[in-house]
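[1] Next comes the sequence, and after it the predicted model I'd like to discuss.
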Amino acid sequence: MSVQLNHTIVHASDKKHSAHFLADLLGLEVQPQFGPFLPVVMGNDVALDYADAGDEPVVSQHYAFLVSEEEFDAVFGRIKAAGITYYADPYRERVGEINHNDGGRGVYWLDPDGHVLEIITRHYGADGRQP
């Protein structure tokens, strides 16, 4: 078996709110709570396990999601419909734009705790691989 990412913990000020924020935008479902975690499972079975940060500050992380062109249109439509500010770059300098890196499309936005979320339609370094 090759090494694969199975899950990662995403700290949030309100795990339920943050898990639903991501799941709703990506067109996924929040899974039943497992211990202290509220999982959002991707199509490749990798789970983002949301956990309340408690008294600890939430440290911003970056999460990128590879999507098809059709999924990009759907997710991007939900981002715009929700009035979420989006960017073409991770430094959030190109407001209201998407990028076309590696011949695909990409966009960044922030979750309620400042985690930087991204959807892309091509792997970086683009050797033609697509979802």
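    Thanks, I have the structure now.
[2] And the contacts of the helix or strand harbouring L117?
    Secondary structure here is read from DSSP states H and E; on that basis L117 sits in strand 116-120. By CB atoms under 8 Å, 6 or more residues apart in numbering, the list of residues contacting strand 116-120 from outside reads 22, 25-26, 60-67, 71-72, 75-76, 90, 101, 104-111. Glycine gets a C-beta too; all of them are placed from N, C-alpha and C.
[3] Please list the members of those residues that lie in strands.
    In strands, defined here by DSSP state E, the members of those are H62, Y63, A64, F65, L66, G106, V107, Y108, W109, L110.
[4] Just the closest of those to L48, please.
    When these are compared for distance to L48 (CB to CB), Y63 comes out closest, at 6.9 Å.
[5] For that closest one, grab the count of nearby residues.
    Residue crowding around Y63 was assessed by other CB atoms under 10 Å; the count is 15.
[6] and if you look at I120?
    21.
[7] again, but for K15
    The number of residues packed around K15, counting by other CB under 10 Å, is 21.
[8] Leaving out chain neighbours, which residue sits closest to it?
    If the residues on either side of it in the chain are set aside, K15 comes closest to Y50, at 3.9 Å by CB to CB, 6 or more residues apart in numbering.
[9] cool, and S60?
    Taking CB to CB, 6+ apart as the measure, S60 lies nearest to G114, with 4.5 Å between them; neighbours along the chain are not counted.
[10] Return the distance of the spatially most central residue of the chain relative to K16.
    Centroid-nearest residue in the chain, with CA atoms, centre = their mean: L117, separated by 4.2 Å. Using CB to CB, to the nearest Å, L117 is found at 17 Å from K16.
[11] Next: D73.
    Using CB to CB, we find D73 at a distance of 28 Å from K16.
[12] go on, P32?
    Noted for P32: a distance of 12 Å to K16, by CB to CB.
[13] The two - which one has more neighbours?
    K16 (13 against 7).
[14] who's in contact with that one?
    Listed by CB under 8 Å, 6+ apart, the contact partners of K16 are V30, L38, Y50.
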